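[1] No letters, just coordinates:
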């Protein structure tokens, strides 16, 4: 799929849009600044040291350019016929006193919120972008997962323990991909590709699927904002497989021990699957009976103009993701259907609240120690906290994107633009403009998913994010 870029004028970016985005930050839905008490705790907190010293292992991080909240560092090596994966996760639990001011504010926030004009962090930047972050050249304590894979990439053994580590390099997705494509990647990145490819095949074998929807990223620049719509780089997918591997190991570990919190999602029912098969066939992408769901999605041609409509329909198959705590008997629902395995969030504690619990629980299990009472006693509170946080993130993210999209169309009122219909519900459709990169709802009588149409920009209000499109007269017939 081509990388679509659309830019709005500096005057708009620093005027109406800046004011509209600032209003979101100042609204009741966005967390306020950290309290003095929470900031004082963050400044004075010191995690306990770790007996295990792994600073001789040359860990590296891999993230988007400019990242400073570095949750994970990895090291890969061949081990017999297979591989050993070491995945170091920031020791955020060591900085947060259970029941303290910082803990209370983190529970209210739930996760880091990402907005076009900056982020609203889960923890103060002094921790998330400095003393707890796995920055290169800095000695840190981390939760280090050791994951042994066989020659096919299947997990053979897993453990996690606190250890001293030092990251050697801060790698970035674009440059790592360029090194792979140019044949100049170092051994670590080459091993990441080897392990990532094997893990993607393991995903296919177990019936899982990565729904590689195009990313819509709002990019801030000195001259304004733009929306970039693009598919993930292969190196991003390989890196994501390390996190998935760790989360699946954590989920299985918790289930075996009878205590923990899973990220669960039910699978689609037969009626939903049948409807998706019919929709895919009508779009010219029939789902062969002999192919699994994940294998079918992998074979979709990203250059096909109807592929976005198929992916949109596929995304609607999996609903009802939640967090499921348990202590004693395993829960009735243990699977994350899209992953096709039990799964837990344990790899992003700087940016997501629930990971703090998962890490301390798994470390206690591996060490043969009791799970800390604070974690065990508060497991039942986490689903509601995370649901509220996810809903807030969704609202703010959607409202911010609406305002940027409205700004992109503000000076295009009256223009006729090409678009593709992604989804139709009743007489309303979700359409994606070719350029600028805007996706929105509109009235679309007589349209079907996958149809190419021309639409007229009727109105665009930057302050509210409201956009009105209509089918152009020559496209309605």
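    Okay, I see it. None of the values given here were measured: they were computed from a predicted structure.
[2] Let me see the ranges of the helices in the chain.
    10-12, 18-26, 36-44, 101-109, 125-126, 173-181, 187-206, 234-257, 270-282, 293-298, 307-315, 354-367, 373-378, 382-409 (DSSP state H).
[3] is it possible to export those helices to JSON lines including mean pLDDT, mean neighbour count and distance to residue 446?
    Glycine gets a C-beta too; all of them are placed from N, C-alpha and C. Formatted as JSON lines, the helices of the chain follow (pLDDT from 0 to 100; neighbours: other Cβ atoms under 10 Å; distance: least, Cβ to Cβ, whole Å):
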{"stretch": "helix 10-12", "mean pLDDT": "44", "mean neighbour count": "14", "distance to residue 446": "34"}
{"stretch": "helix 18-26", "mean pLDDT": "90", "mean neighbour count": "16", "distance to residue 446": "34"}
{"stretch": "helix 36-44", "mean pLDDT": "96", "mean neighbour count": "15", "distance to residue 446": "55"}
{"stretch": "helix 101-109", "mean pLDDT": "97", "mean neighbour count": "19", "distance to residue 446": "45"}
{"stretch": "helix 125-126", "mean pLDDT": "95", "mean neighbour count": "15", "distance to residue 446": "52"}
{"stretch": "helix 173-181", "mean pLDDT": "97", "mean neighbour count": "16", "distance to residue 446": "42"}
{"stretch": "helix 187-206", "mean pLDDT": "96", "mean neighbour count": "18", "distance to residue 446": "39"}
{"stretch": "helix 234-257", "mean pLDDT": "97", "mean neighbour count": "21", "distance to residue 446": "38"}
{"stretch": "helix 270-282", "mean pLDDT": "87", "mean neighbour count": "14", "distance to residue 446": "15"}
{"stretch": "helix 293-298", "mean pLDDT": "81", "mean neighbour count": "19", "distance to residue 446": "29"}
{"stretch": "helix 307-315", "mean pLDDT": "80", "mean neighbour count": "21", "distance to residue 446": "16"}
{"stretch": "helix 354-367", "mean pLDDT": "98", "mean neighbour count": "23", "distance to residue 446": "45"}
{"stretch": "helix 373-378", "mean pLDDT": "97", "mean neighbour count": "15", "distance to residue 446": "53"}
{"stretch": "helix 382-409", "mean pLDDT": "94", "mean neighbour count": "19", "distance to residue 446": "23"}
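[4] how distant is stretch 247-257 from the center of its chain?
    21 Å (Cα atoms, centre = their mean, to the nearest Å).
[5] Ok, stretch 375-392 next?
    In terms of Cα atoms, centre = their mean, the centre of stretch 375-392 is found 18 Å from the chain centre.
[6] Could you do stretch 319-337 as well?
    What separates the centre of stretch 319-337 from the centre of its chain is 20 Å, taken as Cα atoms, centre = their mean.
[7] measure that stretch end to end?
    Length of stretch 319-337, first residue to last, Cα to Cα, to the nearest Å: 10 Å.
[8] what does it contact?
    The contact list for stretch 319-337 (Cβ atoms under 8 Å, 6 or more residues apart in numbering) reads 251, 254-255, 258-268, 318, 341-343, 345, 354, 376, 379-380, 382-383, 386-387.
[9] Return the set of buried residues in that stretch.
    Buried residues in stretch 319-337, counted by 16 or more other Cβ atoms under 10 Å: 323-326, 330, 334-337.
[10] Check stretch 444-463 too.
    Of the residues in stretch 444-463, 444, 447, 449-451, 453, 455-457, 460-462 count as buried by neighbour count, 16+ other Cβ under 10 Å.
[11] Let me have the helices of the chain in CSV, adding distance to residue 228 as columns.
    Shown next, in CSV, are the helices of the chain (distance: least, Cβ to Cβ, whole Å):
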stretch, distance to residue 228
helix 10-12, 18
helix 18-26, 17
helix 36-44, 33
helix 101-109, 27
helix 125-126, 25
helix 173-181, 12
helix 187-206, 23
helix 234-257, 14
helix 270-282, 27
helix 293-298, 22
helix 307-315, 16
helix 354-367, 28
helix 373-378, 39
helix 382-409, 11
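[12] can you list the domains in this protein?
    33-265+321-393, 270-315, 413-475 (automatic domain parsing).
[13] if we can go back for a sec, out of the buried residues of stretch 444-463, name the ones that lie in strands.
    Applying DSSP state E to the buried residues of stretch 444-463, the entries found in strands are 453, 455-457, 460-461.
[14] I am finished for the moment; much appreciated.
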